[in-house]
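Novice: turn this into a model:
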Amino acid sequence: MCSNKSNNYNTNLLTVSLEQSYALNRQIEKFRKGTYPSVKLEDFVEELYKVNNAFIKLFYNLNSDNLTSTQIRLLDQIFSFFMNEIASTALYADVHQNPLEMMIPVKELIQKLNVDVDFITVPSWKINYAIGDVWNLFNGYINFLKTQDPNMNIKIQDKKIIQIVFPIVHKDNILLGGILGHEFGHYLDKNFKKSLITQKILLVVKNYNRKSELIKYLDYDKALNLNPQALSLIIDTLLTKVSMIECWIQEFVADIIGIFIYGISSYFSCEKVFMYQNISEKDKLIDRFSATHPRCSARSTVRLEVLKHLDYENILDPSLVKIIKDFHSSWINANIEPYDQVHIEEFTLGLQKIKVNLNLNVDSCKLIEQILLDNIKEIIKIVETNIPAQIKYNFSDIKDKSMPLAKKIANLIPPNELSKIPMDSMSIMNAGWIAYYLYINDIKKFLSEYSPQEQDIKAIEMINSLMSKALVSSHIHRRWNACS
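Specialist: Now for the predicted structure:
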């Protein structure tokens, strides 16, 4: 039990933590009465309830006389993390918050993979998409909690709960739902059967050409007179240790996977979001290096190479091919923001410890970028080899299925089937973008009661509405066929 000393600082800290956990419990009780889109998410809420009750028992049973204020604050920080980063996601897990239609393709991919995982979609007011394992960071705290109370009963189930953050203003924008192909790519890269595609690419990164050109961006004690072999070893190590490079490869991998599984809907949705985020005051897009993301121009090159690999010029309508090439040209000619960072690394060569700074500026970042892009064909092959064949989209279906489906959209008919055969979700997603670029004027003919400016918006809303109906009805149709 907590100490009864009313003025004891530690006792007050424990009391506050106990009160917070009771307050959270009342909120979780409300969550337990909610309606959720899957049994797994109902189980997730029950798991939150059990973990929080373990915290209540912990705070109630600890003796403040045996703990330092630092220990108590650390326990409270762990509880706060649980409350703010994990339990809070349940607020968005019910059917009212879930972008049902947008998630249908994702859930179908998971079904094909036959893995025990479910997704919580968390709306954000930022124009940003992200993905991550809800329980991942908390798992690392469990052993520490048990050192404070060996009887503390916290056991997280093995099944994964993946959080997808999406802009709430895009909840009904099915077209932009194609960007979830990129986010699903991150999931596959890091989680599916320990494939760790990025790590496989990093293993061969040291064999890339032009790495010696990075030497001029190194700062070290020149009195050491390092020979070319030592400098080459340092560059090899830096290419696999600089976190920025790994982050860039992760984004390339996710972009590649997005197109492999979602087709052109992944490409066009990414373009829309990237262009919105990189609007410049000048007459060009603005592009920038970042510690976490490569330049959009580099990503445009990567996505274009994937489309070439899939023979897009012979499959897509020439008008779409031109749009894609124009987008790429816009990124290649974008204005570049200044960039200046330093990566510090210590090496042991023989008996010497050497401190080396790698200067990351626009020029050195361009070189690192080019080192990767010089080998993009190899990277694409590594990615393609390491994603499950059953979730790859047949790109030729764009011509055989998505084009006819897009013509149905042009006539305000939901694109859920052809010749009474239910269409796959990805062909429907791709049909939406084809209709957006090729047939939007046909759709606007049905909207003559609106002003020309309103017609543009209403036409997009119409495409999203027809796609939404098609995704749901085709999904039900396929399930019905499977059961009959």
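Novice: so the closest residue to residue 82 other than its chain neighbours, which state does it fall into?
Specialist: Spatial nearest neighbour of residue 82, chain neighbours left out: residue 138 (6.1 Å); criterion: C-beta to C-beta, 6 or more residues apart in numbering. Every residue, glycine included, has its C-beta placed from N, CA and C. Three-state call for residue 138 (DSSP: H, G, I helix; E, B strand; the rest coil): helix.
Novice: and residue 138, how many neighbours?
Specialist: Using other C-beta atoms under 10 Å, the number of residues around residue 138 comes to 18.
Novice: residues contacting it?
Specialist: 81, 82, 85, 86, 156 (C-beta atoms under 8 Å, 6 or more residues apart in numbering).
Novice: quick one: neighbours of the fourth one, just the number.
Specialist: What that stands for is residue 86. Look at residue 86: counted by other C-beta under 10 Å, it has 22 neighbours.
Novice: excluding sequence neighbours, find me the nearest residue to residue 297.
Specialist: In space, and not counting its chain neighbours, residue 297 is closest to residue 331: 4.0 Å by C-beta to C-beta, 6+ apart.
Novice: the one you found contacts residue 302, doesn't it?
Specialist: No - look at residue 331 against residue 302 with C-beta atoms under 8 Å: they stay out of range, at 11.0 Å.
Novice: so residue 450 is in contact with residue 459, correct?
Specialist: No - contact between residue 450 and residue 459 fails when scored by C-beta under 8 Å: they sit 9.2 Å apart.
Novice: who has more neighbours out of those two?
Specialist: Between residue 450 and residue 459, counting by other C-beta under 10 Å, residue 459 is the more crowded of the two (22 against 13).
Novice: what distance do you get for the more buried one to residue 448?
Specialist: Residue 459 is 12 Å from residue 448, where distance means C-beta to C-beta, to the nearest Å.
Novice: could you do residue 92 as well?
Specialist: Distance from residue 92 to residue 448, by C-beta to C-beta: 39 Å.
Novice: residue 252 too?
Specialist: Separation of residue 252 from residue 448 (C-beta to C-beta) stands at 45 Å.
Novice: higher neighbour count, the two?
Specialist: Set residue 252 next to residue 448 and count neighbours by other C-beta under 10 Å: residue 252 wins out with 28 against 7.
Novice: what about the nearest residue to residue 25 once chain neighbours are set aside, helix or strand, and which?
Specialist: Residue nearest to residue 25 in three dimensions, not counting chain neighbours: residue 52, with 5.5 Å by C-beta to C-beta, 6+ apart. Residue 52 is part of helix 39-61, with elements assigned from DSSP states H and E.
Novice: my read: residue 423 touches residue 474, true?
Specialist: Yes - look at residue 423 against residue 474 with C-beta under 8 Å: they come within range, at 5.3 Å.
Novice: intersection of neighbour lists for those two?
Specialist: In contact with both residue 423 and residue 474: 416, 417, using C-beta under 8 Å, 6+ apart.
Novice: tell me which residues touch the spatially closest residue to residue 363 that is not a sequence neighbour, please.
Specialist: Nearest residue to residue 363, sequence neighbours excluded (C-beta to C-beta, 6+ apart): residue 217, at 7.6 Å. Shown in contact with residue 217 (C-beta under 8 Å, 6+ apart): 358, 359, 360, 361, 363, 364, 367.
Novice: ok, the residue sitting nearest the centre point of the chain - contacts?
Specialist: The residue lying closest to the centre of the chain (C-alpha atoms, centre = their mean) is residue 183, at 3.1 Å. Shown in contact with residue 183 (C-beta under 8 Å, 6+ apart): 129, 130, 131, 164, 254.
Novice: any weak-confidence spans in the stretch 151-300 of the chain?
Specialist: Low-confidence segments of the stretch 151-300 of the chain, defined by pLDDT under 70: 157-159, 192-195, 205-209, 281.
Novice: secondary structure class for residue 162?
Specialist: With three-state DSSP as the basis, residue 162 sits in strand.
Novice: which ones are touching it?
Specialist: Here residue 162 is in contact with 117, 118, 119, 120, 131, 132, 133, 134, 187 (criterion: C-beta under 8 Å, 6+ apart).
Novice: hmm, 6 Å instead?
Specialist: 117, 119 (C-beta atoms under 6 Å, 6 or more residues apart in numbering).
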